[in-house]
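Below: sequence and its predicted model.
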Amino acid sequence: MTGFKDHFSGHANIYREARPTYPAELFVWLAEQAPDTALAWDCGCGNGQATVALAEHFAHVVGTDPSANQIAGAEARANIAYRVEPAEHSTLVGASASLVTVAQALHWFDFAPFYAEAWRVLKPGGVFAAWSYAACEVGDTAIDKVIDRLYVDLTGPYWPPERAYVDAGYRTLPFPFAEIAAPSFPMVARWNVEQLLGYLRSWSATQRYIKAHGEDPVGIVEPDLRAAWGDPARARDVQWTFHLRVGKV
């Protein structure tokens, strides 16, 4: 079995504050696809971003993550139970979940044991959904060139190999479910330049670059990014290409 690939515990606070939120419409649609809304399991839940969104639509939600640091920073809700445990070996009862979700984390999992666990936990007719997002863009050529320089030229060599699954929109992952055609969900955040810089610093590759060089790669591009952005208080739409795969057991 592959060991836990912990790329985020060391900067869990940065990660929690900087990450964009997922489209609200996504969770409405997923609840409609599930056989009922009794229980959802959010695997690799991190700081609980998707877990909290699921709690708006399901009676009970279990969020699991092997990182105690991430779980410690997750938002509490009365109908959410957080557990520090790997997705491949959960403590959920068999055939108990109507929906299993993996938000921006499936590429880290050990596929064969995890899928076996998902099949064990899902009830008949239960739904499995995994999604990811890669690099962002603002729609301004000067700004997007700076982001691309950071993503490709500076941090490119420091992305873990599993990042290739994200760049491929999860299409190259094994997916042992009867696939459901899903609508397109726009993923957009209205951010100022400080918020964008915080997000860029939350990248696992940014943190790996810092460990390797003792220098923040975001700091290298920050002057150019600020110059291209203009008024630092100005909010702009930051958009990600959102990839979603959904299936049933």
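Structure's in. What do you need? Residues are numbered from 1 along each chain as shown.

ok, and what's touching the helix or strand harbouring residue 40?
Secondary-structure element containing residue 40, defined by DSSP states H and E: strand 39-43. With C-beta atoms under 8 Å, 6 or more residues apart in numbering as the contact definition, strand 39-43 has outside contacts at 34, 48, 50-51, 54, 57-64, 87, 90, 92, 96-103, 105, 109, 114, 118, 121. No exception for glycine: its C-beta is placed from N, CA and C like everyone else's.

per-residue confidence for the residue lying closest to residue 70 once chain neighbours are set aside?
Distances taken as C-beta to C-beta, 6 or more residues apart in numbering put residue 46 closest to residue 70, at 4.8 Å, once the chain neighbours are dropped. At residue 46 the predicted local distance difference test score is 93.

Okay, residue 46 and residue 197: tell me how far apart.
Residue 46 sits 20 Å away from residue 197, going by C-beta to C-beta, to the nearest Å.

Same drill for those two, tell me which one is more crowded.
When residue 46 and residue 197 are compared on other C-beta atoms under 10 Å, the one with more neighbours turns out to be residue 46, at 25 against 20.

gap between the helix or strand harbouring residue 62 and the chain center?
With elements taken from DSSP H and E, the one containing residue 62 is strand 60-65. Average the C-alpha atoms of strand 60-65, do the same for its chain, and the two points are 15 Å apart (C-alpha atoms, centre = their mean, to the nearest Å).

Give me the neighbour count for residue 53.
Using other C-beta under 10 Å as the criterion, residue 53 is surrounded by 22 other residues.

Also residue 143?
The burial count assigned to residue 143 is 22, neighbours taken as other C-beta under 10 Å.

which non-adjacent residue is nearest it?
Nearest non-adjacent residue to residue 143, counting by C-beta to C-beta, 6+ apart: residue 228, 4.6 Å away.

isn't that neighbour right next to residue 146, touching?
Yes: under the contact definition of C-beta atoms under 8 Å, residue 228 touches residue 146, with a separation of 5.9 Å.

okay, those two: which has more neighbours?
residue 146 (22 against 18).

confidence score at residue 19?
Looking at residue 19, its pLDDT is 81.

Please tell me how far it sits from residue 220.
In this view, residue 19 and residue 220 are 22 Å apart by C-beta to C-beta.

quick one, which of those two is more surrounded?
More crowded of residue 19 and residue 220, by other C-beta under 10 Å: residue 19, with 19 against 16.

In this structure the more buried one contacts residue 198, no?
No: contact status for residue 19 versus residue 198: not in contact, 9.2 Å apart, counting by C-beta under 8 Å.
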